[in-house]
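# Whatever this is, show me its structure:
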Amino acid sequence: MQGCQERMICVSTNKISPDHQKRVYTVKEIAAILGVSDRHAYNFCNSTTEFEIVKIGKSIRVKKDSFDRWFGN
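Here you go, the predicted structure:
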């Protein structure tokens, strides 16, 4: 268990360099941007072809550039 705790500490202290730009939104972020519930955003992301999504297991990420283009129209 000691190694596991050390690993979690290492992971939690990792920082993304300032020059690394975010490339995806989470569904929670999409919900906040659109002003809807997380469930509505999840359903919308699952059913739309308006912007690109990436599924990782059960998680959904929305490609930032395609969403921003769609939202800006």
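
# ranges for the helices of the protein?
For the chain, helices defined by DSSP state H occupy the ranges 2-13, 27-34, 38-47, 64-72.

# So which residue is dead centre in the chain?
In the chain, the centroid-proximal residue (CA atoms, centre = their mean) is T26; its distance is 2.3 Å.

# just to revisit the earlier point, and the helices of the chain, which one's lowest on average pLDDT?
Per-stretch mean pLDDT for the helices of the chain is lowest at helix 2-13 (a mean of 47).

# Skipping adjacent residues, who's closest to D65 in space?
Leaving out its chain neighbours, the residue that sits closest to D65 by CB to CB, 6 or more residues apart in numbering is R23, at 7.6 Å. From N, CA and C alone the C-beta is placed, and that goes for glycine too.

# gap between the one you found and K63?
Distance, R23 to K63, using CB to CB, to the nearest Å: 7 Å.

# for K28, same thing?
Distance of K28 to K63, computed by CB to CB: 16 Å.

# the more surrounded of the two?
K63 (15 against 11; other CB atoms under 10 Å).

# Check N73 and give its pLDDT.
Confidence at N73, expressed as pLDDT, is 72.

# Pull the contacting residues for it.
For N73, no residue meets the contact criterion (CB atoms under 8 Å, 6 or more residues apart in numbering).

# before we move on, back to that, tell me the pLDDT of the residue nearest to D65.
If you check R23, the pLDDT there is 91.

# residues contacting it?
Residues near R23 by CB under 8 Å, 6+ apart: 63-65.

# now it: how far from G35?
On the measure of CB to CB, R23 and G35 end up 23 Å apart.
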